[in-house]
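Participant: coords please:
(chains A and B)
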Amino acid sequence: MSAPAPETAIRARGLTRRFGSFLAVDAVSFEVERGEIFGYLGANGAGKSTTIRMLCGLLEPSEGEATVAGHDVRSSPDAVKSSIGYMSQKFSLYLDLPVAENLAFFGGAYGLSGRALRGRVDEVLELAGLGALRRAETGSLPGGIRQRVALAGAILHRPRIVFLDEPTAGVDPVSRRDFWALIRRLAAEGTTVFVTTHYLDEAEYCRRIGLMADGRLVALDSPAALKREWVPDRVFLVRGRELPLERLRSTPGVRAAEPFGAALHLRADPAAWDAARLAALLRQAGGVDVAVDAVEPSLEDVFLAAVGSGKGGAP
Amino acid sequence: MSGAPGGLRTALVQLLAVVRKEIRQTVRDRRVMFLLVVAPLLQTVIFGFAIDFQVDRIPVAVADLDRTEASREHARRLLADGTLRRAADATSAEEADGMLDRNRAAAAVIFPPRFGADLDAGRTARVQVLVDGTDPNQATVAASAVSRYFGEVGQALARERAAAAGRPLPGTIRVTPRIAYNPSLRSAPFMVPGVLVMVLLIITTIVTAMGLSREREMGTLEQVMVTPIRPLVLLLGKLLPFAAIGLFDVLLVLSAGGWIFDLPFRGPLAVLGVATLLYLLVTLSLGLLISTVSRTQQQSFLAGFLVLQPALLLSGVATPIRAMPDWLQAVTLLNPVRWFIEVVRANLLRGADFADLWPRLLILLVLGLALLSAATMRFRKRLQ
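Facilitator: Sure, this is the predicted structure:
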């Protein structure tokens, strides 16, 4: 454990897991650098949790190999477990115990004791902004707070890597923002963060994203590069009244036009169209109060393009 | 952790963390505390008083069809020692029989006409006894009371006749049973060890099974399994506090038994201590094993009862194993409850020590280790 931290925090090579005849994870390969926030996206059942469980040493891979913090998950799962923190969507805490007791237990499970343990519990409580709640019964706390307690528990032993499996599922937006502030702070201090999420806005915080579909890693890059690669069209937000939707859809160079709230989302060939020309076309076709703005494609566009809309359901 | 310096120290820290957590959780749950501390006491008192195998004052119907001095005198003396009680008088054998049917009496004694005359003439006198066999224990007691009495009467008559004829007394056989270990045949000293066995089995097995299922249900088990804690350390940490509570319950039940029911403590208590530890190894491992085949706390609870009931019935706690069919007797050889109750009763009532009991203790140890390894193996497998 005293070996120098490798620059590659996680390395997976052909990682595969079968449950009977079901192929949950199919030959997944990737590398995660030290200090990186790595997002792992995919529909339910795409193999995200199975991948995490293999990387954490909870589940043995059927084929392939993986090293986490320099330790092989197959041959030395205990060393892997000592180097990582893990937090799952279930906020797996003892709800009948006070916050500080939960942390003391998990600290002990990682081998911390005595003054070192007490000092570290105080530190993580402070870091997670939970100092005032140390004696509160965990079950009485709202979800957003509990999830911060769970994260505090996962970083007690100063792991080099934390695995967060849908850490913000079912949590209100303000708590989600606070939680991500915490995650970015950890990453800034050199902790590698491997996170799965349902919320595509959260994925924008990640330096790189892996997209899972049916057990396979179908895309892997930074959010901006993914957008360039998967959504080559220009995306426009069109506002106004009496917009001629059908006419737009049949216009050459316009690839898609979908209602988006009170407005329209429109994808068009960047060589043929820009905002001014689109606005002119719409006014001529009877649109009133027309305003057209070029917008950045969202990860949702990427996700739908990469996974195939409607097929695996929304992320 | 494998091979890491201070691996043992780390394991100890982890063990203490688990033990501490279990204790906190248990102490905070008032219902569990009630179950663990008050219930054993209540059971000791209730079972001690309620389960009484001692039989006396059996209601008897007397039909004296002879109505002589002799028949009246024998009826009076037969009922004098308190085992039998005159509940009704009948005027005919049929009426006495009907009293048995209507549950007014558990036995009937019928002195036929000419009973006194036959005795006076030196002929064999007959007495008819009807016994209701519904309760075999009571029936046996009633029948033996009657035959004992008339056996003594017969001997007395033989002596009288010998004396009257001027011959020397014929040799008579006197059977004087001396009942060892529990001379007054009280039930409580027999039952209190039974309570001990039952309470330990039910409480430690079910609390353990449900505790682990709860962790699985809540998802905390997975959170614990991503820490470097070893399954064996985790399981030991979960068992130790309940082993301590089990030992405490033993002291509680024995103190109550000694104080309320005069339970004798004849053997070395060290034997009892060792036996209890081995038995706890069995019951706690059984709880673990049950939790590994159950998905929820409810399933654990039900599975627990499904296992515990036959284990108790086939243990000899309440019914003698010797009364079971041969194949069932063979099954009881695998029942740890049987071996523990034998050790406890032998130790407390008979004063048996290690030299007498080591084979049984060894069997308990083997059964306990087998259950623990089965539980640990299934636990590891379930994690995958």
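Participant: any idea how far the residue sitting nearest the centre point of chain B is from chain A?
Facilitator: Among the residues of chain B, the one closest to the centroid is residue B:317, at 2.7 Å (C-alpha atoms, centre = their mean). Using C-beta to the nearest C-beta, to the nearest Å, one gets 35 Å for the distance from residue B:317 to chain A. For the C-beta atoms, the positions are set from N, CA and C on the backbone; glycine is no exception.
Participant: what sits against the residue lying closest to residue B:208 once chain neighbours are set aside?
Facilitator: Using C-beta to C-beta, 6 or more residues apart in numbering or on different chains and skipping the chain neighbours, the partner closest in space to residue B:208 is residue B:287 (2.9 Å). Residues near residue B:287 by C-beta atoms under 8 Å, 6 or more residues apart in numbering or on different chains: B:204, B:205, B:206, B:207, B:208, B:209, B:211, B:212, B:304.
Participant: Please identify the residue most distant from the middle of the chain.
Facilitator: By default, I'm working from chain A. The centre of chain A is farthest from one residue, residue A:284, which by C-alpha atoms, centre = their mean lies 43.7 Å away.
Participant: let's do chain B instead
Facilitator: Max distance from the centre of chain B (C-alpha atoms, centre = their mean): residue B:166, 54.6 Å.
Participant: So it: helix, strand or coil?
Facilitator: Following DSSP: H, G, I helix; E, B strand; the rest coil, residue B:166 is assigned to coil.
Participant: so where's the stretch 151-300 of chain B shaky on pLDDT?
Facilitator: B:167-186 (pLDDT under 70).
Participant: In it, what residue spans correspond to helices?
Facilitator: Ranges of helices in the stretch 151-300 of chain B, per DSSP state H, counting those that start in this stretch, are B:188-218, B:220-225, B:231-261, B:269-292, B:297-313.
Participant: With the stretch 201-315 of chain A instead?
Facilitator: Using DSSP H, counting those that start in this stretch, helices in the stretch 201-315 of chain A cover A:223-230, A:245-249, A:275-284, A:299-307.
Participant: Let me know the pLDDT of residue A:5.
Facilitator: For residue A:5, the model assigns a pLDDT of 53.
Participant: now swap in the one 3 residues further on and tell me
Facilitator: Per-residue confidence for residue A:8 comes out at a pLDDT of 90.
Participant: what's the angle between the least confident helix or strand in chain A by mean pLDDT and helix A:223-230?
Facilitator: Least confident element among the helices and strands of chain A, by mean pLDDT, DSSP states H and E: helix A:299-307 (a mean of 80). For helix A:299-307 against helix A:223-230, the angle by axes from the mean of the first three to the mean of the last three C-alpha atoms, to 10 degrees is 50 degrees.
Participant: Now find how far off-centre helix A:299-307 is within its chain.
Facilitator: Helix A:299-307 has its C-alpha centroid displaced from the chain centroid by 14 Å (C-alpha atoms, centre = their mean, to the nearest Å).
Participant: which parts of it are buried?
Facilitator: Neighbour-count burial for helix A:299-307 flags A:299, A:301, A:302, A:303, A:304, A:305, A:306, A:307 (criterion: 16 or more other C-beta atoms under 10 Å in any protein chain shown).
Participant: Then stretch B:334-349?
Facilitator: For stretch B:334-349, a neighbour-count test (16+ other C-beta under 10 Å) marks B:335-349 as buried.
Participant: Just the ones in helices from those residues, please.
Facilitator: Within the buried residues of stretch B:334-349, residues falling in helices by DSSP state H are B:336-349.
Participant: can I get these in TSV with distance to residue A:158 and pLDDT?
Facilitator: What follows is these, written out as TSV (distance: C-beta to C-beta, whole Å; pLDDT from 0 to 100):
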residue	distance to residue A:158	pLDDT
B:336	46	95
B:337	49	94
B:338	53	94
B:339	50	95
B:340	48	95
B:341	53	93
B:342	55	92
B:343	51	93
B:344	51	92
B:345	57	90
B:346	57	91
B:347	53	92
B:348	55	90
B:349	60	86
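Participant: related to what we said a few turns ago, distance of the residue farthest from the centre of chain B from residue B:121?
Facilitator: Distance check for residue B:166 against residue B:121: by C-beta to C-beta, to the nearest Å, it reads 20 Å.
Participant: hang on, the residue nearest to the centre of chain B packs against residue B:197?
Facilitator: Yes - look at residue B:317 against residue B:197 with C-beta atoms under 8 Å: they come within range, at 5.7 Å.
Participant: What about residue 50, how many residues nearby?
Facilitator: Looking at chain A here, since you left the chain open. Residue A:50: 23 surrounding residues under other C-beta atoms under 10 Å in any protein chain shown.
Participant: The chain in question should be chain B.
Facilitator: Close neighbours of residue B:50, defined as other C-beta under 10 Å, add up to 9.
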